[in-house]
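Asker: task: produce atomic coordinates for the following.
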Amino acid sequence: MNLEQFLTLPEEHDLSADSVQKLNQDLSSKTISDIPFEKRSIVNEYLVNVLIMEAVEPVIKGKLEALLIELQNA
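Answerer: Alright, predicted model coming up:
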């Protein structure tokens, strides 16, 4: 799953562990400018959840944390 696919999901949805890892990998290459303004809160909420649940590979954790900080400071 990539960012574009994630943003088209209905409000109530489930993600498989594989989809979460693929989405995390895709998000690790994104900047705030890649995320539509009206969808930033959804990505922010997702990142908070995966980071709290430690569902992030250590090698990309710093990139996701940096994106989350960008989103929270926007």
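Asker: now L51: how far from I60?
Answerer: 11 Å (CB to CB, to the nearest Å). C-betas here are computed from N, CA, C, even on glycine.
Asker: check L68 too.
Answerer: In terms of CB to CB, L68 sits 12 Å off from I60.
Asker: those two - which one has more neighbours?
Answerer: Neighbours per residue, other CB atoms under 10 Å: of L68 and I60, the larger number sits with L68, 18 against 15.
Asker: for the more buried one, which non-adjacent residue is closest in space?
Answerer: L47 (4.4 Å; CB to CB, 6 or more residues apart in numbering).
Asker: ok, that neighbour - contacts?
Answerer: 27, 64, 67-68, 71 (CB atoms under 8 Å, 6 or more residues apart in numbering).
Asker: run the last query once more with 10 Å
Answerer: Going by CB atoms under 10 Å, 6 or more residues apart in numbering, L47 touches 24, 27, 56, 64-65, 67-69, 71-72.
Asker: filter the residues you listed down to just the buried residues.
Answerer: Buried by 16 or more other CB atoms under 10 Å: 24, 27, 56, 64, 67-68, 71, out of the contacts of L47.
Asker: max-length helix in this structure?
Answerer: What stands out as the longest helix in the chain, according to DSSP state H, is helix 58-73.
Asker: so the nearest residue to K61 once chain neighbours are set aside, which state does it fall into?
Answerer: Leaving aside its sequence neighbours, K61 sits nearest to L51 (CB to CB, 6+ apart; 7.4 Å). In three-state terms, and counting by DSSP: H, G, I helix; E, B strand; the rest coil, L51 is helix.
Asker: just give me the neighbour total for L51.
Answerer: L51 has 15 neighbours, counted by other CB under 10 Å.
Asker: wait, it sits on I69?
Answerer: No. Using CB atoms under 10 Å, L51 is not in contact with I69, being 11.1 Å away.
Asker: can you tell me which of the buried ones among the contacts of L47 lies closest to S41?
Answerer: L71 (8.2 Å; CB to CB).
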